[in-house]
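Visitor: what follows is a predicted protein model with its sequence.
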Amino acid sequence: MPSLRGPSDYFQEPPRHPALRINSKEPFNAEPPRAALISSYVTPVDFFYKRNHGPIPIVDDIERYRVSIDGLVKKPIHLSMSDIRKLPKYNVTATLQCAGNRRTAMSKTRTVKGVGWDVAALGNAIWGGAKLSDVLELVGISQLTTVTPLGGKHVEFISVDKCKEENGGPYKASIPLGQATNPEADVLLAYEMNGEVLNRDHGYPLRVVVPGVIGARSVKWLDRINIIQEECQGFFMQKDYKMFPPSVNWDNINWSTRRPQMDFPVQCAICSLDDVDYVKQGKITVAGYAVSGGGRGIERVDISVDGGKTWVEAQRHQKGSDPYVSDDMNSDKWAWVLFKAVVEIPGNAEVIAKAVDSAANVQPENVVDIWNLRGILNTSWHRVRVRNALQIANSNL
Ligand SMILES: Nc1nc2c(c(=O)[nH]1)N[C@H]1C(S)=C(S)[C@@H](COP(=O)(O)O)O[C@H]1N2
Ligand SMILES: [Mo]
C-alpha cells in the first residue's frame, strides 16, 4: 500500500521550478509566467500549472501499488502498474485547464472564493497511458456501455491524497460510464507526461486524464475506480466546481440545484503582454492560447485594439515553426492552439482577444455577466491595457 501522510504534512513536497508563481504554498498551487506558458506548444512538465488540495502523497513501493476496480461489477480486480502497462498505450495531446483559471480577474468585479489564478492555470501535455475503455473491459464492461447489468452508470475515481475539504479523506470525482467506455473520448489512465514518467506533482504513479473537461475531474494518484449508480457525492463534485448565476451568493446558495461542471467552454488569453504593459508606439505582437472543451476545436481568434469596435483575425502559429499547431485536427482535438497577431498600437489602448470554437461558441464580452461566487470559468474577453512607453517617458521629463 502507498504510505499516506496527514493533511498538515507538507514536509516532503517535491522540488519545483523557481519561475513558477505561487498562489498558495500549502496546498501547493502555482502557475508559470504568461510568456513562459506560450513558449512551446507542448508545455514542459516544470512549467505546467500545479493544482493540489492537500500534500503530495508518496507512493514509494511501486511493486505493491494496485488500483482496484470494484463497485457495481461482477468481479472486482486489482491492477498493478505492469498490468496497466500491458494494455495498448496511447499518447493523447490534451490541454488540462483548471476551472479557476483567470479567477483573479473575476474577483475584481465582486469578491469570489477560491485560489487566485492569473491566465496560466492550464497546460498542454502529451499524456501516455492506457485507455479507460480498455481497462473497464477487464472487468467485463464493454465499449459504449452506459449502464452495467448491476445498475452502474458512473465511474468514480478515488485518490490516495488527503484533503481538508473531504475532512481528511481522499480527493474524488466521477464521469458518466458512457464517456468512460467510449474509446473516442480518450479518457486515459496516464503514467507518462510528455514521454517521461509522470512526476509526483502530477499524479505519480497513475492519474486520470479526462480530455475536454475541467481539470478537477482528472484525478491524480489514483487508488480506486468505483462503478456506482449515482454520480460521485464527494465535495469537489457536489459542493464545488459548479457554475451558479450572478444572483446566487453565499446566503442563498443551494448546491443541489446545479450539476457538477464537466466540459469547459471556449477560452483564450493573451500571454505576450502583462496587464498593464508599457510598449513603444507602433507594431506589437499579440500572442496567446485558445482552447475549447468537449473536443471542439478552435475556429478563430479575433484581436481588437480599440475596445472591440474593430477586429483583426489572429494567425495560428505555423507548423514547422515552434510552437506549432498540428494540421491533423483530429489528433489534436483536445489541445489548445497558439495564436499570434501583429497589430498597430494607437497609443494607450486596451488589447482584446476573443476566441470562437468549432460550434461557433464565442466568449462572453464582460466578466460581470458570468460572475459566480466560486469564481469559476472566467472566459470573458481577455483584455490587457498597454501604455505608450514613450509618452510615459516624456511626461516624466
Ligand atoms: N487527487 C487529486 N486529484 C486532483 C486534484 C487534487 O487536489 N487531488 N486537483 C484537481 C484539479 S482542481 C485540477 S485543475 C487538476 C490539476 O492537475 P495538475 O496539478 O496536474 O495540473 O488536478 C485535479 N486532480
Ligand atoms: Mo482545478
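Guide: Good, I have the coordinates. Ligands and ions are numbered 1, 2, ... in the order given.
Visitor: tell me which parts of the chain are close to ligand 2?
Guide: Arg51, Cys98, Gly215, Ala216 (CB under 5 Å from the ion). All C-beta spots, glycine's among them, are computed from the backbone N, C-alpha and C.
Visitor: number of nearby residues for Gly288?
Guide: By the criterion of other CB atoms under 10 Å, Gly288 has 27 neighbours.
Visitor: mind checking how far it is from Arg316?
Guide: Gly288 sits 11 Å away from Arg316, going by CB to CB, to the nearest Å.
Visitor: anything in contact with each of the two?
Guide: Both Gly288 and Arg316 are contacted by Leu338, Phe339, under the criterion CB atoms under 8 Å, 6 or more residues apart in numbering.
Visitor: any residues of the chain in contact with ligand 1? List them.
Guide: Within the chain, the residues that sit near ligand 1 (CB under 6 Å from any ligand atom) are 48-53, 96, 98, 159, 161, 171, 202, 215-216, 218-221.
Visitor: one more time with 8 Å
Guide: Residues of the chain lying near ligand 1 by CB under 8 Å from any ligand atom: 27, 48-54, 96-100, 121, 123, 159-161, 163, 170-173, 201-203, 207-208, 214-222, 236, 241.
Visitor: among these, which lie within helices?
Guide: Phe236 (DSSP state H).
Visitor: C-alpha coordinates for stretch 172-180, PDB please?
Guide: C-alpha atoms of stretch 172-180 as PDB (Å, rounded to 0.1, in the frame of the first residue of the first chain):
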ATOM      1  CA  LYS A 172     -12.600  12.100  -5.700                       C
ATOM      2  CA  ALA A 173     -14.700  12.700  -8.800                       C
ATOM      3  CA  SER A 174     -16.700  10.800 -11.300                       C
ATOM      4  CA  ILE A 175     -17.600  10.800 -15.000                       C
ATOM      5  CA  PRO A 176     -20.600   9.100 -16.800                       C
ATOM      6  CA  LEU A 177     -20.000   5.400 -17.700                       C
ATOM      7  CA  GLY A 178     -20.800   6.200 -21.400                       C
ATOM      8  CA  GLN A 179     -17.900   8.600 -21.600                       C
ATOM      9  CA  ALA A 180     -15.600   6.200 -19.700                       C
END
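Visitor: residues making contact with it?
Guide: Stretch 172-180 has contacts (CB under 8 Å, 6+ apart) with 132-133, 136, 141, 144-148, 152-159, 166, 185, 187, 210, 213, 216-217, 219, 227-228, 231-232, 234, 236-237, 260, 262.
Visitor: so how far is it from its chain's centroid?
Guide: Put simply, stretch 172-180 sits 17 Å off its chain's centre (CA atoms, centre = their mean, to the nearest Å).
Visitor: for it, list every residue counted as buried.
Guide: Judged by neighbour count using 16 or more other CB atoms under 10 Å, the buried positions of stretch 172-180 are Lys172, Ala173, Ser174, Ile175, Pro176, Leu177, Gln179, Ala180.
Visitor: stretch 139-146 now?
Guide: By 16+ other CB under 10 Å, the buried positions in stretch 139-146 come out as Val139, Ile141, Thr145.
Visitor: what stretches of the stretch 1-150 of the chain score poorly on pLDDT?
Guide: Scanning the stretch 1-150 of the chain for pLDDT under 70 picks out 1-8.
Visitor: for the residue of the stretch 51-200 of the chain found nearest ligand 2, what are phi and psi?
Guide: Closest approach between the stretch 51-200 of the chain and ligand 2, counting by CB to the ion: Cys98, at 3.3 Å. For Cys98, the backbone dihedrals (degrees, to the nearest 10) come out as phi -70, psi 140.
Visitor: with adjacent residues omitted, what lies nearest to it?
Guide: Nearest residue to Cys98, sequence neighbours excluded (CB to CB, 6 or more residues apart in numbering): Ala121, at 4.0 Å.
Visitor: I figured the one you found hits Gly100, correct?
Guide: Yes. Counting by CB atoms under 8 Å, Ala121 touches Gly100, with 6.0 Å between them.
Visitor: need the residues touching each of these two.
Guide: Joint contacts of Ala121 and Gly100 (CB under 8 Å, 6+ apart) are Arg51.
Visitor: tell me the pLDDT of the residue in the stretch 101-250 of the chain that ligand 1 sits nearest to.
Guide: Going by CB to the nearest ligand atom, ligand 1 is nearest to Gly215 of the stretch 101-250 of the chain, at 2.6 Å. pLDDT, Gly215: 98.
Visitor: now swap in Leu338 and tell me
Guide: We have a pLDDT of 93 for Leu338.
Visitor: which positions within the helix or strand hosting it qualify as buried?
Guide: In this structure, Leu338 sits in strand 337-345 according to DSSP states H and E. By 16+ other CB under 10 Å, the buried positions in strand 337-345 come out as Val337, Leu338, Phe339, Lys340, Ala341, Val343, Ile345.
Visitor: list the helices and strands it packs on?
Guide: strand 282-291, strand 298-304, strand 312-313, strand 315-316, strand 349-357 (3 or more CB pairs under 8 Å, 6 or more residues apart in numbering; DSSP states H and E).
Visitor: change it to 10 Å
Guide: Under the contact definition 3 or more CB pairs under 10 Å, 6 or more residues apart in numbering; DSSP states H and E, strand 337-345 sits against strand 267-270, strand 282-291, strand 298-304, strand 312-313, strand 315-316, strand 349-357, strand 382-388.
Visitor: what pairs with it, parallel or antiparallel?
Guide: Paired strands of strand 337-345, with direction, are strand 282-291 (antiparallel), strand 315-316 (antiparallel) (DSSP bridges).
Visitor: so which of those strands is the most surrounded?
Guide: Compared across those, strand 282-291 shows the largest average neighbour count, a mean of 21 (mean count of other CB atoms under 10 Å).
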